[in-house]
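Novice: Next comes the sequence, and after it the predicted model I'd like to discuss.
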Amino acid sequence: MANESAYQATKNEFNTNGGQILLYYIDDVLYGIEIQYINEIISVMPITVVPRVPEFIKGVINIRGKVVPVISVRNKINKPEIPYNDRTSIIIVEIEDLTVGLIVDSVREMAEVLPTDTCSAPDYKMVNENQYIKSIIDSGGEIKQLLDIHKLILE
């Protein structure tokens with residue numbers, strides 16, 4: 001469980017020291033991903049469907065000769081799928097030597113999060129039922145949900 005403790009240290013470090021996140025939308029809810037996991041952001045491109053994979057895996061794409069699985073964040077957090085449009089984006093992330101694309105409704109901006117802006121996600125099952133929320137960020141008069149990228153991708 002060495003990875004678990006390294007992950008916990010990273011998780012605590014972000015909450016304690018703040019940091020940069022990429023903000024994106026699913027419906028009208030603002031979510032974030034820590035910048036250290038992001039390789040690039042691309043427009044939706046043709047996705048090759050792979051048979052017999054979980055429903056949240058939409059297929060694979062080819063990025064500069066590398067085959068990358070693509071996950072629907074909507075599906076993973078139990079939101080109904082909607083058609084892609086010109087704002088739909090794929091956020092390419094790397095975690096534990098795994099590169100994955102995350103389909104989101106739209107990308108908003110990079111933001112600096114101060115330690116005073118974050119609080120732990122509620123453990124109450126009705127609020128954080130899927131346990132993908134790592135922190136709640138309250139800054140600029142907006143609530144943002146920082147998703148736990150480890151749980152989102154690896155579980």
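Specialist: Done, it's in. Quick caveat, the model's predicted, so the values are computed rather than measured. Residues are numbered from 1 along each chain as shown.

Novice: Identify the bridge partners of the nearest residue to residue 70 once chain neighbours are set aside.
Specialist: Nearest residue to residue 70, sequence neighbours excluded (Cβ to Cβ, 6 or more residues apart in numbering): residue 101, at 4.0 Å. (Each C-beta comes from the backbone N, C-alpha and C, glycine too.) Using DSSP bridges, the beta-bridge partners of residue 101 come out as residue 70, residue 92.

Novice: Also the one 5 residues further on?
Specialist: For residue 106, the beta-bridge assignment (DSSP bridges) gives partners residue 25.

Novice: give the contact list for it.
Specialist: Residue 106 makes contacts with 24-25, 87-89, as judged by Cβ atoms under 8 Å, 6 or more residues apart in numbering.

Novice: hmm, try it at 10 Å
Specialist: Residues in contact with residue 106, defined by Cβ atoms under 10 Å, 6 or more residues apart in numbering, are 23-26, 85-89.

Novice: Pull out the buried members of these.
Specialist: The neighbour-count criterion (16 or more other Cβ atoms under 10 Å) marks 23-24, 26, 89 among the contacts of residue 106 as buried.

Novice: of those, closest to residue 78?
Specialist: Minimum distance to residue 78 across those is 10.6 Å, recorded for residue 26 (Cβ to Cβ).

Novice: right, and the closest one touches residue 91 too?
Specialist: No: shown here, residue 26 and residue 91 do not form a contact pair, counting by Cβ atoms under 10 Å, at 11.8 Å.
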